[in-house]
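Participant: Just to be clear, the model below is a prediction. Sequence and coordinates:
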Amino acid sequence: MTVRERVTAASPALKFVLMVGIMSFFADFTYEGSRSIAGPYLGMLGAGAFTISVIGGTGEFIGYNIRLFSGRRADRTGRYWPITIGGYVLQMSVVPLLALAGNWQLAALLIIAERIGKGIRNPPRDAMLSHAARDIGYGWAFGVHEALDQFGALFGPLLVALVLAVTRHDYKIAFASLAVPAAIMLSLLAVARLLYPRPQDLAAGPAQVTTEGLPRVFWVYMAGAALAAAGFADFPLISYHFQHAGTVAPALTPVFYAVAMAVSGTGSLILGRIFDRAGIGVLIPLTVVAALYAPLAFLGGFWAILVGVSLWGLGMGVQESLMPAAIAPMVSPDRRASAYGLFTGMYGTAWVLGSIVIGVLVNVSLNGLVAFCMASELAAIPFILAVRRRLRAGN
């Protein structure tokens with residue numbers, strides 16, 4: 001097959017990846033805009049640091065673990081689109097409703113519901129992306145998608161920052177303004193469903209099924225990812241620390257989050273190409289660099305925090321693009337939604353446990369918090385090394 005024929009054959013798959021990426025741009029515009037101010041908003045409504053950490057951790061825990069069921073159901077029924085659509089509708093609906101929350105308890109329920117919506121739609125969506133990614137490169141496909149995704153996460157917080165500046169910190173108007181990108185996203189979702197009813201048919205030729213179940217290397221990889229997740233603080237808690245310590249002005253907090261998302265998106269695009277060429281070993285130096293977010297973000301001054309938040313964004317990009325890209329070639333195509341659901345379910349469990357520890361330490365010892373985050377992140381490296389050895393040995 002010539003280069004031109006390969007490009008032509010891959011064109012429908014690339015178009016699908018771009019379509020889903022544009023959808024994710026507006027989805028992240030919506031929910032990341034809300035997440036950039038969720039911590040201060042909860043604090044304004046009366047929630048404390050520990051409560052905010054538990055809310056964030058609980059949302060991630062439920063959102064990640066519900067993927068166990070949505071992924072498995074998608075594989076069993078083949079209803080990838082209906083499950084994806086249901087999750088997106090829930091997620092996009094609850095974000096603007098935060099404008100109506102009169103207390104932190106109701107706001108917490110809406111924040112958790114948003115995470116549930118994301119959890120429902122992610123495994124079937126990632127499985128559909130993996131089918132399209134087979135012939136254009138897993139790292140590149142997931143990297144392109146994540147780049148568009150995170151650039152949406154850049155503009156969402158910037159819009160929120162502008163609204164807060166114009167309205168003198170009226171959080172309700174800021175949340176209400178996010179109804180516009182939410183409506184655009186749902187419209188694009190309907191178009192994508194019509195144009196690509198069966199994304200699993202986008203790969204050229206029959207799928208190469210190498211195993212009937214989940215291979216041992218997958219479980220080793222999942223253990224390493226769980227350790228990395230435990231040391232990765234949720235941004236609402238980081239932003240609460242900014243407010244509590246007085247290191248970053250409230251109006252600049254969403255700007256810092258936007259910077260993190262810009263780093264995440266750009267990094268995903270570049271690192272996706274590197275991953276396709278260098279393999280899973282690229283995660284080792286990235287894990288070391290990303291772990292440095294903790295001392296910079298929690299112990300540093302204004303400029304050190306900016307660097308720390310940028311490294312936090314880099315780590316987020318790795319988790320959202322390279323980690324799912326690495327799973328695709330490990331697992332049989334007909335088990336990928338289940339694999340993504342299981343992987344992210346365990347990842348979320350580790351995240352909520354880590355969030356609880358971090359939420360306690362933020363008021364007890366910042367040095368202890370930093371030590372915990374870095375130790376947990378770096379403990380993932382031996383597992384990544386083991387995965388690399390197994391993959392080179394043919395699993």
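Facilitator: Received, thanks.

Participant: CA atoms for contacts and neighbours, from now on please.
Facilitator: Will do.

Participant: Can you give me the distance of the most centrally placed residue in the chain to I327?
Facilitator: The chain has E320 as the residue nearest its centroid, 4.5 Å off, counting by CA atoms, centre = their mean. As defined by CA to CA, to the nearest Å, E320 lies at a distance of 12 Å from I327.

Participant: same deal with R392?
Facilitator: In this structure, R392 lies at 15 Å from I327, with CA to CA as the measure.

Participant: same question, L90
Facilitator: Using CA to CA, L90 is found at 27 Å from I327.

Participant: What of T58?
Facilitator: Look at T58 and I327: by CA to CA, they are 25 Å apart.

Participant: Which one's more surrounded, L90 and I327?
Facilitator: A direct count of neighbours by other CA atoms under 10 Å for L90 and I327 places I327 higher, at 21 against 18.

Participant: mind checking how far the longest helix along the chain is from the chain centre?
Facilitator: What stands out as the longest helix in the chain, according to DSSP state H, is helix 3-35. With CA atoms, centre = their mean, to the nearest Å as the basis, helix 3-35 stands 15 Å off its chain's centre.

Participant: Work out the gap between the helix or strand following it and the centre of the chain.
Facilitator: Toward the C-terminus, helix 3-35 is succeeded by helix 38-44 as the next helix or strand (DSSP states H and E). Taking the mean C-alpha point of helix 38-44 and that of its whole chain, the gap between them comes to 21 Å (CA atoms, centre = their mean).

Participant: Show me what the helix or strand just after helix 38-44 is packed against.
Facilitator: The C-terminal neighbour of helix 38-44 among helices and strands, as given by DSSP H and E, is helix 49-65. Helices and strands in packing contact with helix 49-65 are listed as helix 38-44, helix 104-133, helix 235-245, helix 336-361; criterion 3 or more CA pairs under 8 Å, 6 or more residues apart in numbering; DSSP states H and E.

Participant: Residues touching helix 49-65, excluding its own?
Facilitator: 39, 42-43, 108, 111-113, 115-120, 234, 236-237, 240, 341-342, 344-349, 351-353, 355-356, 358-360, 362-363 (CA atoms under 8 Å, 6 or more residues apart in numbering).

Participant: In space, what's closest to the residue nearest to the centre of the chain - neighbours in sequence excluded?
Facilitator: Leaving aside its chain neighbours, E320 sits nearest to E146 (6.8 Å; criterion: CA to CA, 6 or more residues apart in numbering).

Participant: Determine the three-state secondary structure at that neighbour.
Facilitator: Each residue gets one of three states, and E146 gets helix by DSSP: H, G, I helix; E, B strand; the rest coil.
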